[in-house]
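*Asks:* quick one, fold the following:
(4 chains)
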There are 2 protein chains.
Amino acid sequence: MRKKKDKAGDGDFARDSLAATSRIHGSIARNLGVAIVSGQYQPGDILNNEIDSSEQLQVSRSAYREAIRILAAKGLVESRPKTGTRVTERNRWSLLDPEVLAWFFESEPSEEFLKGLYELRMIVEPAAAALAAERRDDGQLERMRKALIQMESQTLATEAGQAADRDFHDTVLEATANAPLFTLSSSIGAAVRWTTIFKQRKRELPRDPMPDHWKVFDAIAAGRPDQARQAMERLVGLALEDTRAAIDPRD
Amino acid sequence: MRKKKDKAGDGDFARDSLAATSRIHGSIARNLGVAIVSGQYQPGDILNNEIDSSEQLQVSRSAYREAIRILAAKGLVESRPKTGTRVTERNRWSLLDPEVLAWFFESEPSEEFLKGLYELRMIVEPAAAALAAERRDDGQLERMRKALIQMESQTLATEAGQAADRDFHDTVLEATANAPLFTLSSSIGAAVRWTTIFKQRKRELPRDPMPDHWKVFDAIAAGRPDQARQAMERLVGLALEDTRAAIDPRD
DNA sequence: GTTCGCTATTTGTCTGACTAAATAGCCAAA
DNA sequence: TTTGGCTATTTAGTCAGACAAATAGCGAAC
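*Replies:* Below is the predicted model:
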């Protein structure tokens, strides 16, 4: 069925990310989603009915309904006849869904939420690094090395450097050869991104992140799980510390 | 906005679970979703166009489109004009989404996938137990106790006993007071459910799971994080062993 | 006070038409 | 022959308006 498989993968992905909001249903889902996760609508609140809502937004009812289906698929709302569409309880939200996460970071996320994300990193990434040390293949190792070199030369002040940072963490997760684990990469990537933002907001000469990263890489390259786990623990711990310091008003 | 808050929560939830598939768009999404995760459609495959598909299924195009929006929201497909709707690469799927997970288990999941899920449990649950030991409140402790008592009296041979088992693991995650972590409960619940299925498939008198569970509970009740971590490690480790033994043909 | 059935409201579904985007392939120019 | 842009075609996207199905809540009957 597939006719070509050329290297346009990257381009496709980038286009898709934009496409997700360029369609009407996508942008309505995004707007409503942001309004919900930012607390503008509370769990239990009932949205206006479809006819009124679509009129207010000046879109057709079908486009609005498709937006609602998207939100419902991510657990943010639920619809039923007569009652209407209501915002669901927070514990039903798919918080680790890439789009939901993006909506969270659209308006600045709460400190509590960020802490939760870091705690998750602290649990998952050291274990992932240990698995990666056992299972990584040469290609993945090479991608990690390239990412770190890129990160080193571009620094975290550039978008390219930050992307390289995320690539590194992503590839570690991929190297666990564990599909469910790998799906957490978007969540962890979000946390990584915000580490950088907070660090830079705080001080002009942030701590150099490269030595920690190279230690993780070396342990994975050497195939030493325990060493990789410890190195990653230190890396994430320091990142957490930096972020905490940037948030904490006592500073 | 909310008028009542009576104890009908459980009923609502149960009804919702059914409602998710009782509507046409929901059942089409489920059917296609199962077909995709079971490999009946491969990543890169292009679905028939909307008009043909909806005609074949004897539903309106709008109902079919809403189904596609659901699948797209979970990362299983992506649509664009002229190209059509294609199944996305596996690494874009929201594997930890409750519905996607349910679709996986609709047809028997692959051994590799199950192993991945267990590995995730092995990483997340001990850490969660440790956090729970520090943060649980009295109500959560009480729910854990009740769940274990129920599990003990009903045994895992009954649906009620299995639900109690899941409740216990659920409440441990909830007690971490970490929202992103808590969203993993559906994934872990799925793994728990399959442990039971495999164990019972294998032998008539499975190992008694209660002592392990009570040890975890006692450590959490006593507020001892390290002890809770170790107890949960043992519990999940044994569950993994049981499941592995049930899968392994050498037996 | 309790039960049962009715009704108004809301989502769900359908139809058919038109719009817009993406692409393949052609055609003309170099 | 190659290149570059144009155009025809195919597909999803959007729209409008109608009818169906479900059900929460009210009111009548008991």
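
*Asks:* quick one: contacts of stretch A:94-109?
*Replies:* A:20, A:30, A:33-34, A:36-38, A:74-76, A:93, A:113, A:183-184, A:186-187, A:190, A:193-194, B:73, B:75, B:94, B:96-97, B:179-180, B:183-184 (C-beta atoms under 8 Å, 6 or more residues apart in numbering or on different chains). No exception for glycine: its C-beta is placed from N, CA and C like everyone else's.

*Asks:* drop anything exposed from these.
*Replies:* Among the contacts of stretch A:94-109, those classed as buried by 16 or more other C-beta atoms under 10 Å in any protein chain shown are A:20, A:30, A:33-34, A:36-37, A:74-76, A:93, A:113, A:183-184, A:186-187, A:190, A:193-194, B:73, B:75, B:94, B:96-97, B:179-180, B:183-184.

*Asks:* leaving out chain neighbours, which residue sits closest to the residue of chain A found nearest chain B?
*Replies:* Using C-beta to the nearest C-beta, residue A:73 is the residue of chain A that sits closest to chain B, at 3.7 Å. The shortest distance from residue A:73 to any non-neighbouring residue, by C-beta to C-beta, 6 or more residues apart in numbering or on different chains, is to residue B:73 (3.7 Å).

*Asks:* so the one you found sits against residue A:66, correct?
*Replies:* No: counting by C-beta atoms under 8 Å, residue B:73 stays clear of residue A:66, with 9.9 Å between them.

*Asks:* for residue A:34, give me its contacts.
*Replies:* A:40, A:103, A:106, A:107.

*Asks:* just checking, residue A:226 touches residue A:127?
*Replies:* No: in this structure, residue A:226 is not within contact of residue A:127 by C-beta under 8 Å, at 11.3 Å.

*Asks:* neighbour count winner among those two?
*Replies:* Per other C-beta atoms under 10 Å in any protein chain shown, whichever of residue A:226 and residue A:127 has more neighbours is residue A:127, with 24 against 11.

*Asks:* number of nearby residues for the residue lying closest to the more buried one once chain neighbours are set aside?
*Replies:* Nearest-residue entry for residue A:127: residue B:123, 4.3 Å, with adjacent residues in sequence omitted and distances by C-beta to C-beta, 6+ apart. Counted with other C-beta under 10 Å, the neighbours of residue B:123 add up to 22.

*Asks:* isn't residue B:123 right up against residue A:126?
*Replies:* No: the criterion here is C-beta under 8 Å, and residue B:123 misses it with residue A:126 at 9.0 Å.

*Asks:* for DNA strand C, give me its nearest residue in chain A.
*Replies:* Of all residues in chain A, residue A:49 sits closest to DNA strand C, at 3.1 Å by C-beta to the nearest atom of the strand.

*Asks:* next, give phi and psi for that residue.
*Replies:* phi -70, psi 160 (degrees, to the nearest 10).

*Asks:* which ones are touching residue A:72?
*Replies:* A:78, A:79, B:70.

*Asks:* the last one and residue A:67 touch, don't they?
*Replies:* No: counting by C-beta under 8 Å, residue B:70 does not reach residue A:67; the two are 11.9 Å apart.

*Asks:* just to revisit the earlier point, which parts of the helix or strand harbouring the residue nearest to residue A:127 are buried?
*Replies:* Residue B:123 belongs to helix B:111-135 when assigned by DSSP states H and E. Using 16+ other C-beta under 10 Å as the test for burial, helix B:111-135 gives B:113-133, B:135.

*Asks:* helices or strands next to whatever helix or strand comes next after that helix in the packing?
*Replies:* Next in sequence after helix B:111-135, counting helices and strands by DSSP H and E, comes helix B:138-154. With contacts taken as 3 or more C-beta pairs under 8 Å, 6 or more residues apart in numbering or on different chains; DSSP states H and E, helix B:138-154 sits against helix B:159-174, helix B:210-222.

*Asks:* and residue A:102, how far from residue A:153?
*Replies:* 28 Å (C-beta to C-beta, to the nearest Å).

*Asks:* secondary structure class for the residue in the stretch 151-251 of chain A positioned nearest to DNA strand D?
*Replies:* Using C-beta to the nearest atom of the strand, the closest approach of the stretch 151-251 of chain A to DNA strand D is made by residue A:186 at 21.4 Å. Under DSSP: H, G, I helix; E, B strand; the rest coil, the three-state class of residue A:186 is helix.

*Asks:* OK, contacts around it?
*Replies:* Residue A:186 neighbours (C-beta under 8 Å, 6+ apart): A:96, A:97, A:98, A:101.

*Asks:* kindly recompute the last result at 7 Å.
*Replies:* A:98, A:101 (C-beta atoms under 7 Å, 6 or more residues apart in numbering or on different chains).

*Asks:* tell me how far it lies from residue B:87.
*Replies:* 19 Å.

*Asks:* let me know the helix or strand that the nearest residue to residue A:242 once chain neighbours are set aside is in.
*Replies:* Nearest residue to residue A:242 in three dimensions, chain neighbours excluded: residue A:199, at 5.0 Å (C-beta to C-beta, 6+ apart). Here residue A:199 sits within helix A:185-202, counting by DSSP H and E.
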